[in-house]
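Colleague: Quick one, structure for this:
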Amino acid sequence: MKVLVSLSDELFTRMQAVIPPRQRSKVVAELLEEEVKRREQELYECALAVEQDEQLRAEMADWDVTVGDGLETEPW
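Modeller: As a prediction, this is how the structure comes out:
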């Protein structure tokens, strides 16, 4: 898949100087993969912290009674 990204003129010039043309997509993909993994790990750790927060879990359980409140099953 091709995507369009915007870079500053300075960064683009520096990239051209140090990364050969046939390697740029690979380098960008590798950098994005690292960043996505890092952010996914942060989200995972945040979710774990939420699950382990007893006070928050108790508060969320209080809201469970509202699940589906006012919604009716469609017969179709």
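Colleague: All the strands of this protein, residue numbers only.
Modeller: For the chain, strands defined by DSSP state E do not occur.
Colleague: if you go through the chain in chain order, where are the helices?
Modeller: Remark: helices assigned in the chain by DSSP state H are 9-18, 24-52, 54-63.
Colleague: and residue 3, which of those helices is closest to it?
Modeller: When these are compared by CB to CB, helix 24-52 sits nearest residue 3, at 9.3 Å. Every residue, glycine included, has its C-beta placed from N, CA and C.
Colleague: just how off-centre is that closest one within its chain?
Modeller: The chain centroid and the centroid of helix 24-52 are separated by 7 Å under CA atoms, centre = their mean, to the nearest Å.
Colleague: Now that helix: average pLDDT?
Modeller: Helix 24-52 carries an average pLDDT of 96.
Colleague: relative to helix 9-18, how tilted is that helix?
Modeller: Using axes from the mean of the first three to the mean of the last three CA atoms, to 10 degrees, the direction of helix 24-52 lies 120 degrees away from that of helix 9-18.
Colleague: same for helix 24-52, what does it pack against?
Modeller: With contacts taken as 3 or more CB pairs under 8 Å, 6 or more residues apart in numbering; DSSP states H and E, helix 24-52 sits against no other helix or strand.
Colleague: need the helices of the chain in JSON lines with mean neighbour count and distance to residue 3, can you?
Modeller: Output for those, formatted as JSON lines (neighbours: other CB atoms under 10 Å; distance: least, CB to CB, whole Å):
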{"stretch": "helix 9-18", "mean neighbour count": "10", "distance to residue 3": "15"}
{"stretch": "helix 24-52", "mean neighbour count": "11", "distance to residue 3": "9"}
{"stretch": "helix 54-63", "mean neighbour count": "9", "distance to residue 3": "37"}
